[in-house]
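> Got a predicted structure plus its sequence, pasted below:
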Amino acid sequence: MSEPAEQTPTNEIQEQAVRLGLDLSRLPQHVGIIMDGNGRWATQRGLPRLIGHREGYKTLRTVLLAANDLGIRYLTVYAFSAENWRRPQDEVRGLMDLITQAATDELRIMHQNNVRVLVAGRIHEVPEKLQRALKKGVETTRNNTGITFTLAINYGGRAEIVDAVKQLVRDGASPEEVDEDAIGKRLYLPEVPDPDLLIRTAGEMRLSNFLLWQSAYSELVVMPMPWPEFSTEALLEACLNFQRRVRKFGGVV
Ligand code: IPE
Ligand code: IPE
Ligand code: MG
């Protein structure tokens, strides 16, 4: 009996992946990224933190298109946490402006690349201009069939669970009707599968309230470089690391 045929590469990134030893038929379906370290990257260079966020935005464009070409089906990135409002006012405003600008300027290239955009978080609490830009992005790309790219903005994992439970109560659920499925269906994006691989940059080994419900069985890969230094190669390395893991979901292999 022959080995199951590995997928043949159809573009440069897939070729690079195969050269590195990746099995294209076993890629993580959904990758989540905690893009951390923009501030440290800037501070180390004597630059304002916002310059770090700008560099991080450029990295995100590269990584999103690479993930799409590689064949990853879902990419979810933590762009602004529900706790990030605690930062100095000028950093918060700078981040909101940057995300608004990015959502506006990148829409054409995302659409051209068949990317479907989604958002997760308490979006009604962000500046209206950003809300409008996000809405336009989601509506324009809704029928695209490439990677599903979710921006987590004003997102908190606990807040998401609270919002789901509130909805459950509004729906008049009885205690017997409360189960994982009932809560899961009321999360922000019930149609998006749980992340298989969660990457955090800049070395910190914590979730910081990202996808708490959905990451129950995600494989965690923490990488040392700050987010502005992340790259296509680093994404491939994280996928390789993922493919070496044995996932058991509580069972026995
Ligand atoms: C991540 O980089 C980006 C956001 C949280 C928006 P940080 O700004 O947290 O960078 P560090 O952790 O201070 O280096
Ligand atoms: C998590 O990073 C949030 C984002 C990457 C958007 P933080 O930098 O806010 O997390 P902590 O404060 O180090 O836990
Ligand atoms: Mg940080």
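Looks like it arrived, so ask away. Ligands and ions are numbered 1, 2, ... in the order given.
> interface residues of the stretch 151-253 of the chain facing ligand 1?
Ala202 (C-beta under 6 Å from any ligand atom). (Each C-beta comes from the backbone N, C-alpha and C, glycine too.)
> At which residues are the helices of the stretch 151-253 of the chain located?
Using DSSP state H, counting those that start in this stretch, the helices of the stretch 151-253 of the chain run over 157-170, 180-184, 232-243.
> swap in the stretch 1-150 of the chain?
Using DSSP H, counting those that start in this stretch, helices in the stretch 1-150 of the chain cover 12-20, 38-44, 49-70, 89-105, 107-112, 128-140.
> Dump the C-alpha coordinates for the third one into CSV.
If I follow you right, that is helix 49-70. Extracted C-alpha coordinates of helix 49-70, given in CSV (Å, rounded to 0.1, in the frame of the first residue of the first chain):
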residue,chain,number,x,y,z
ARG,A,49,5.2,52.9,20.5
LEU,A,50,2.8,53.9,17.6
ILE,A,51,5.6,53.4,15.1
GLY,A,52,5.8,49.8,16.4
HIS,A,53,2.0,49.4,15.7
ARG,A,54,2.6,50.8,12.2
GLU,A,55,5.3,48.2,11.5
GLY,A,56,3.0,45.5,13.0
TYR,A,57,0.3,46.5,10.5
LYS,A,58,2.8,45.9,7.6
THR,A,59,3.7,42.5,9.1
LEU,A,60,0.0,41.6,9.2
ARG,A,61,-0.5,42.3,5.5
THR,A,62,2.4,40.0,4.6
VAL,A,63,1.3,37.2,7.0
LEU,A,64,-2.4,37.3,5.9
LEU,A,65,-1.5,37.0,2.2
ALA,A,66,1.0,34.2,3.0
ALA,A,67,-1.5,32.3,5.1
ASN,A,68,-4.1,32.6,2.3
ASP,A,69,-1.6,31.3,-0.3
LEU,A,70,-0.5,28.5,2.0
